[in-house]
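# Pasting a predicted model and its sequence here:
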Amino acid sequence: PPLNTPTHDPGEMELRGTIPPEVGYMKHLEKLDLGRNQLTGHIPSPERARPKGTSHPYFEGLRTLILSENHLSGSLPHDVGSMKKLERMDLDHNRLTGELPASLFEMMWLKRMELDNNLLTGALPPQIGWMKELQTLSLYENRFVGALPLELGNLANLEALHIHNNHLGGCCGKTLCDNVQGKLKSLTADCGTVRCPCATECSCQCYCDADSGASCAAPIDAMPTEPKYEGSCPGWDSPHGTESPHCPSRRLTGARALRSEGGRRRLKACGDHYIPCSCGNVGPM
């Protein structure tokens with residue numbers, strides 16, 4: 001469609017080059033989908049585009065922004081929160097760096113935020129608990145550090161939370177785990193460093209006979225590069241939260257079938273990264 005229509009969706013067209021920041025001044029634009037292309041440069045923002053004579057707010061009517069699966073780099077704009085009507089923001093599978101800007105947590109209407117598979121750093125602040133309309137929060141495969149904020153439990157509308165393959169510690173918190181019994185159907189975490197017994201899938205990977213029904217057991221030894229969390233996890237059986245399992249004993253959920261090199265044993269995998277662990281009476285691979 002022409003650029004002056006409410007929807008512009010040239011995804012998967014092998015587009016190259018950068019996104020002109022002036023696109024944000026198309027005041028009737030409601031959806032911009034440039035995902036699955038080969039775009040480079042930065043995420044458009046008002047600080048990068050100030051054409052003379054323009055007084056309109058930036059992306060004032062935008063409700064959907066999809067820039068995933070490109071080659072975008074740089075940090076999230078510090079004024080990203082100026083998109084007040086945005087409900088969906090997919091920026092996953094890029095090369096974004098830096099910390100999450102403070103204005104991000106002012107996007108009160110955001111229902112879906114996918115920032116996974118980037119190079120984002122820093123801690124997840126407690127202000128993330130302000131985004132109470134969120135239904136999907138995907139932050140996995142980044143470089144976030146620090147303790148998981150217990151304020152995630154305030155997000156009562158969450159249906160999917162993916163925080164695995166980072167450098168996070170702490171615990172999910174009792175309130176967040178209580179939500180697993182309600183709307184929250186998918187919760188993935190680094191169970192080696194985050195105390196999260198309610199996780200529906202752990203990133204601790206082990207392989208078991210697919211037909212054995214075996215459960216992921218504790219790893220033989222911890223990865224030496226993984227951070228250790230020392231602190232309080234209220235509501236858990238350990239008073240100081242220091243007995244966090246590396247791979248909780250639970251049936252492998254969402255497992256995928258694998259075959260060994262000889263093709264004789266059917267195997268299934270739990271999680272995304274291999275950490276030496278045993279599964280029932282089946283030794284680690």
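Structure received.

# those helices in this protein, which residues are they?
174-179 (DSSP state H).

# just for the stretch 151-285 of the chain, where's the confidence low?
The stretch 151-285 of the chain contains residues with pLDDT under 70 at 204-285.

# Could you work out the end-to-end span of stretch 29-46 for me?
One end of stretch 29-46 to the other measures 15 Å (C-alpha to C-alpha, to the nearest Å).

# ugh, typo on my part, it should be stretch 133-146
End-to-end distance (C-alpha to C-alpha), stretch 133-146: 24 Å.

# Make sure Lys111 is actually in contact with Arg88.
Yes. Contact criterion C-beta atoms under 8 Å: Lys111 and Arg88 qualify, at 6.4 Å. Yep, even glycine has a C-beta here, placed from its N, CA and C like the rest.

# Overlap in contacts, the two.
Counting by C-beta atoms under 8 Å, 6 or more residues apart in numbering, no residue touches both Lys111 and Arg88.

# Over stretch 40-56, what's the mean pLDDT, rounded is fine.
Averaging pLDDT along stretch 40-56 yields 74.

# Do I have it right that Met83 meets Leu65?
Yes. At 7.2 Å, Met83 and Leu65 qualify as touching, with contact defined as C-beta under 8 Å.

# Neighbour count: the two, which is higher?
Met83 (26 against 23; other C-beta atoms under 10 Å).

# List the contacts of that one.
Neighbour list for Met83: 58-59, 62, 65, 89, 107 [criterion: C-beta under 8 Å, 6+ apart].

# Now do the strands in the stretch 101-250 of the chain.
112-114, 119-123, 136-138, 143-147, 160-162, 167-169, 186-189, 201-202, 204-205, 207-209, 215-219, 250-251 (DSSP state E, counting those that start in this stretch).

# from those, which stretch is densest packed?
strand 201-202 (a mean of 26; mean count of other C-beta atoms under 10 Å).

# burial count for Asp190?
Asp190: 27 neighbours (other C-beta under 10 Å).

# returning to what we had before: what touches both of Met83 and Leu65?
By C-beta under 8 Å, 6+ apart, Met83 and Leu65 have these common neighbours: 59, 89.

# got a markdown table for the contacts of Met83, with distance to Ile43 too?
Shown next, in a markdown table, are those (distance: C-beta to C-beta, whole Å):
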| residue | distance to Ile43 |
| --- | --- |
| Tyr58 | 12 |
| Phe59 | 11 |
| Leu62 | 13 |
| Leu65 | 9 |
| Met89 | 10 |
| Met107 | 14 |
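
# Most widely separated two among these?
Largest separation among the contacts of Met83 by C-beta to C-beta: Tyr58 and Met89, giving 14.1 Å.

# how near is Gly98 to Leu155?
23 Å (C-beta to C-beta, to the nearest Å).

# what about those two, which has more around it?
Neighbours per residue (other C-beta under 10 Å) separate Gly98 from Leu155, with Leu155 holding more: 23 against 14.

# from what I can see that one touches Trp130, true?
No. Using C-beta under 8 Å, Leu155 is not in contact with Trp130, being 9.3 Å away.

# Looking at the contacts of Met83, spot the one nearest Pro125.
Checking the contacts of Met83 against Pro125 with C-beta to C-beta, the nearest one is Met107 at 13.9 Å.

# my read: that closest one touches Met131, true?
Yes. Applying C-beta under 8 Å, one finds Met107 in contact with Met131, separated by 6.6 Å.

# Quick check: Ser73 vs Leu134, distance?
Distance, Ser73 to Leu134, using C-beta to C-beta: 25 Å.

# Between those two, which has more neighbouring residues?
Legend: neighbour count by other C-beta under 10 Å for Ser73 and Leu134, higher for Leu134 (25 against 15).

# OK, contacts around the residue lying closest to the more buried one once chain neighbours are set aside?
Distances taken as C-beta to C-beta, 6 or more residues apart in numbering place Leu155 nearest to Leu134, at 5.3 Å, with adjacent residues excluded. Residues counted as contacts of Leu155 (C-beta under 8 Å, 6+ apart) are 128-129, 131-132, 134, 137, 161, 179.
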